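Chemist: Any chance you could fold what I've pasted below:
(4 chains)
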There are 4 protein chains.
Amino acid sequence: MRVGFIGLGAMGQGMARNLVKAGHTVSVWNRTSERAEALARDGAIVAHSVAAACDEAPVVFTMVSDDGALIDVVSGTDDGPGIEESLASGGVHVSLSTISVDLSARLTAAHREAGQHFVAAPVFGRPDVADAGKLTIVAAGEDAAVAQAKPLLESMGQKVFVVGTEPEKANVVKLSGNFVIASMIETLGEAFALLRKSGVDPMQFLEIVNGNIFRSPVYENYGTLIAKGRFTPPGFRLPLGLKDVRLILAASDATATPMPVAAVIRDHLLSGVARGKSDLDWSALAQVVAEDAGLR
Amino acid sequence: MRVGFIGLGAMGQGMARNLVKAGHTVSVWNRTSERAEALARDGAIVAHSVAAACDEAPVVFTMVSDDGALIDVVSGTDDGPGIEESLASGGVHVSLSTISVDLSARLTAAHREAGQHFVAAPVFGRPDVADAGKLTIVAAGEDAAVAQAKPLLESMGQKVFVVGTEPEKANVVKLSGNFVIASMIETLGEAFALLRKSGVDPMQFLEIVNGNIFRSPVYENYGTLIAKGRFTPPGFRLPLGLKDVRLILAASDATATPMPVAAVIRDHLLSGVARGKSDLDWSALAQVVAEDAGLR
Amino acid sequence: MRVGFIGLGAMGQGMARNLVKAGHTVSVWNRTSERAEALARDGAIVAHSVAAACDEAPVVFTMVSDDGALIDVVSGTDDGPGIEESLASGGVHVSLSTISVDLSARLTAAHREAGQHFVAAPVFGRPDVADAGKLTIVAAGEDAAVAQAKPLLESMGQKVFVVGTEPEKANVVKLSGNFVIASMIETLGEAFALLRKSGVDPMQFLEIVNGNIFRSPVYENYGTLIAKGRFTPPGFRLPLGLKDVRLILAASDATATPMPVAAVIRDHLLSGVARGKSDLDWSALAQVVAEDAGLR
Amino acid sequence: MRVGFIGLGAMGQGMARNLVKAGHTVSVWNRTSERAEALARDGAIVAHSVAAACDEAPVVFTMVSDDGALIDVVSGTDDGPGIEESLASGGVHVSLSTISVDLSARLTAAHREAGQHFVAAPVFGRPDVADAGKLTIVAAGEDAAVAQAKPLLESMGQKVFVVGTEPEKANVVKLSGNFVIASMIETLGEAFALLRKSGVDPMQFLEIVNGNIFRSPVYENYGTLIAKGRFTPPGFRLPLGLKDVRLILAASDATATPMPVAAVIRDHLLSGVARGKSDLDWSALAQVVAEDAGLR
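Modeler: Next comes the predicted model:
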């Protein structure tokens, strides 16, 4: 099957490559073309515009950094037309990015108006998981469109969950999941600060509490990063974490759902930016918390 | 070995029984005597006072509800002398309760002055885990005293961790662990409220996010309770959860460690009390959060 | 002098009338025309479009409800061109509305590009103060443009402060002022809840603390509204208060300034919306706080 | 009339002196005696013990630093008996200190049991206001006891408010008042940080917003201290502010009243202690907020 793939960042590269490996004809486009060339060596076709990536493809995937980038790709820019104009009637746009609930709803309407279909399919997992094709993918959209996208998604993820026919529901699930992770980082940050000021080694605490009670790889991984202060190189930069928390708060606002813990995290990430931590991993949120306790 | 055991509540019963099963001569005392009688049928000796429970026992355990109850048991009341006066010189008092860091430090000094030893050994686990002898126990105290207590603790728990020679360190670990659990409840409460208001089933979210990312039995158990609204019968009543959060905030205050998430939880638990939820499980914290979002 | 005035809501009416009274030729436009007709009886000229209001006017004022409404008025809609297209080259657009810092900066650039000038001049005061011409006005913009606007602003306000040459600075001052008021409402809400639950009459507290310590008419007015529970008819509806808090948080985000009290207020106002209080005055924020304490 | 006065700190000195000036025979005691000697030069009688200060005095005042100090003075220490033992039957103990609601209730019961009366009469005002006899005093207690105390209180304060027959009500009013002031400091701190990061001078903001809207001397005074960064010499040290916030949160806990703004303030004051600001004025709370925004 011929598919388009737009956005070859740290995540997108591995995902597009897994589509190629699964035997699909993948026409790739990236804002900077070097990354597309690299993928060409693995068998992808280099498209020189968004329109070219959409050409003859019944399904086009996007994996970009934020709402603004996706709007450009869908609506087009001075450099050329976007997916809306380029994708054939009846075509399916599958958005893999972490975007706002609001944009997801607007793209659903825009594609519908253009006679196309929109599926939101945000993913959980870091670049190495994307490379390994083991992402957890949460999809939502009209049944037929999701049915068409699903086998393709399965070459990129080990699990594909369908959470409804309205695409934005998938985005809410993704954002809520990231919120739970962010809260875990904040919480471990507060607990570790208390422990350190009480003379207890956070690693020992982690071994006891996660090893016997929580037994979660997420606590294990982030807890170790925080306890050891390994915030660089960043797996996911702090301003990207802030971006996601912004999207969570926007969803909370739109649905009139108070989320005080999300607000605490927002303020600490803002403080992280203000204190010059923008090049650190977002788990440096815990470093902000430690500094507030006078540590380091 | 002869040991005393004071406090036969939901947790203490199973713990004392496991000491009996392990072959020890256990002299038990409880403020209300019916519970001691029940244990006698399993082979425990009923002590009719704190002093009697301490008699000839080189080690006495306490498992009571809060700081006030432990102070009464240690310092004595109008009904009779406490452990401090009754335990032989060189004896070891092992406190299994969740108490304040401050009281732990004060009891350490008080027992030292009385020529005795204090070991703090708070436990993680609910009553069924206590019955099964599978608690996770965190101990701290002077080396020799901990060495004496450890084999006994091993008949009550599947893992015994030693975190230092100052007893209060074990209490900080226990309180920090409970804080992490409380934060998880608050966080799931906020996430579930957002999901419900967005038309997504929290159980489906839990399956996706815990099933694939967190993979933690604690998220599984509490998440299911919250998603299904099963706050009664309470496994751990909301005011007890509030008590623990108070102890965390007291430790945070004493060490000058800001803990804003703990403060959010405190306010929501207080609101739970104000809204008449004191007979529900402490996970009803999530119900407070849902109501704040206009749900139910 | 001929001036245009766009937006004749509760605030705009009185302000436009005061311009008429000061002897200016005021060409007024409102989205619904009845309000313009009313003003015509006082001597204003009814304009039937934004373009007509701008016609021959070197200065045009806008007083609309939010960012979206101002964007429509400036950029135009399907109904006709906006100020950008209609105002003569060298003309001055004076924005009196409470809008975002970001929009203020964008309009500054847009008008500059169109050869026009933008002055932000948001106002403090409720409709009765606007009617009386006693508003406090905070202006910012290029010196010449502000100099041209100032005598006109002085017919609407008793005090006109100039805070710089970049228009958005005036918006930051306005938003920060509203934040201080919102915080006062939240704070009195918390204090009154504590007092009521302690058996003390909040009115007596207000008399003591404001009468002798704060001595502020704002505490007096809002404190009385809150203590007496007079949240209707609304002077400023709760969702409008929420809108302002959103703008504050957007400014806080853009400058990486953590503002935890603003976050607390946001969550309580969201909860107010979720609990059905959207038709009450924004001081019903204090009612949310009281309900969280189980009151009423 | 003969009265005792215990506690001659920065506040107590002026208050005792005003009692002397009003023609009373004032028997003064202070933990360190130099301060009593100083007052003797103004006509006070130096008492060499708490008991001596109570001798023949139907009314004894206390003005001490915190709960612990007042408990010592009332219950006695190794150095000698306290008020409870020393005050004649029917005597009145008037507590002017800022103490906890809980201690106020306990002292009420203790004095009642000893055949004495307890009046709580905490004061608003700084040392210079105490010297000038212009404090605002909030009293509560049994009618007869308050009636006896009132003329004496009037020589120390320009206004004496009676808020009920249960002494602790006066303490709740005092603590709530301090909470409102603390919240104002926090709020100005957040607003000033936003303004500074937006390039607006906080002093100009203060002039506009307080000069025209709030018109409060408290905003004027504290706002100027904060805008100019004058946190030393301290008028009221930061740890004392933290002590008061602790008492507010204890009252909030005891009445199940969530107070999230008080919690924010607590965390910032704790951070102030952790960052080494304990010798600054409590308005340095605003400096913590500024630092969190990366300022200075």
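
Chemist: quick one, strands of the stretch 51-200 of chain A?
Modeler: A:59-62, A:92-95, A:117-120, A:123-124, A:135-139, A:157-162 (DSSP state E, counting those that start in this stretch).

Chemist: The stretch 101-250 of chain A: helices as residue ranges?
Modeler: Applying DSSP state H, counting those that start in this stretch to the stretch 101-250 of chain A gives helices spanning A:101-113, A:127-131, A:143-154, A:167-197, A:202-209, A:217-228, A:238-254.

Chemist: okay, those helices, which one's buried deepest?
Modeler: Counting by mean count of other Cβ atoms under 10 Å in any protein chain shown, helix A:167-197 has the highest mean neighbour count of the helices of the stretch 101-250 of chain A, with a mean of 26. Any C-beta I mention is one placed from the backbone N, CA and C, and that applies to glycine too.

Chemist: so how far is that one from its chain's centroid?
Modeler: For helix A:167-197, the separation from the chain centroid amounts to 15 Å (computed by Cα atoms, centre = their mean, to the nearest Å).

Chemist: Specify the angle between that helix and strand A:135-139 in degrees.
Modeler: Angle of helix A:167-197 versus strand A:135-139, following axes from the mean of the first three to the mean of the last three Cα atoms, to 10 degrees, is 140 degrees.

Chemist: Is helix A:167-197 positioned near chain B?
Modeler: Yes: judged by Cβ under 8 Å from any Cβ of the partner chain, helix A:167-197 and chain B are in contact via A:168-169, A:172-173, A:176-177, A:179-181, A:183-184, A:186-188, A:190-191, A:193-195, A:197.

Chemist: hey, which of the strands of the stretch 51-200 of chain A is tucked in deepest?
Modeler: Ranked by mean neighbour count, the strands of the stretch 51-200 of chain A are led by strand A:92-95 with a mean of 30 (mean count of other Cβ under 10 Å).

Chemist: Partner strands of that one, with direction?
Modeler: strand A:59-62 (parallel), strand A:117-120 (parallel) (DSSP bridges).

Chemist: one step back: the strands of the stretch 51-200 of chain A into TSV, with extra columns for mean pLDDT?
Modeler: Formatted as TSV, the strands of the stretch 51-200 of chain A follow (pLDDT from 0 to 100):
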stretch	mean pLDDT
strand A:59-62	98
strand A:92-95	98
strand A:117-120	98
strand A:123-124	97
strand A:135-139	98
strand A:157-162	97
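
Chemist: As CSV, those strands with distance to residue C:91 would be great.
Modeler: As requested, those are exported to CSV (distance: least, Cβ to Cβ, whole Å):
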stretch, distance to residue C:91
strand A:59-62, 43
strand A:92-95, 43
strand A:117-120, 43
strand A:123-124, 51
strand A:135-139, 52
strand A:157-162, 55
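
Chemist: what about the residue of the stretch 101-250 of chain A found nearest chain D, distance to residue C:217?
Modeler: Residue nearest to chain D within the stretch 101-250 of chain A (Cβ to the nearest Cβ): residue A:197, separated by 8.2 Å. Note on residue A:197: its distance to residue C:217, by Cβ to Cβ, to the nearest Å, is 45 Å.

Chemist: Can you name the element that comes right after the lowest-mean-pLDDT helix or strand in chain A?
Modeler: When each helix and strand of chain A is scored by mean pLDDT, DSSP states H and E, helix A:34-40 comes last, with a mean of 91. Next along the chain after helix A:34-40, taking DSSP states H and E as the criterion, comes strand A:45-46.
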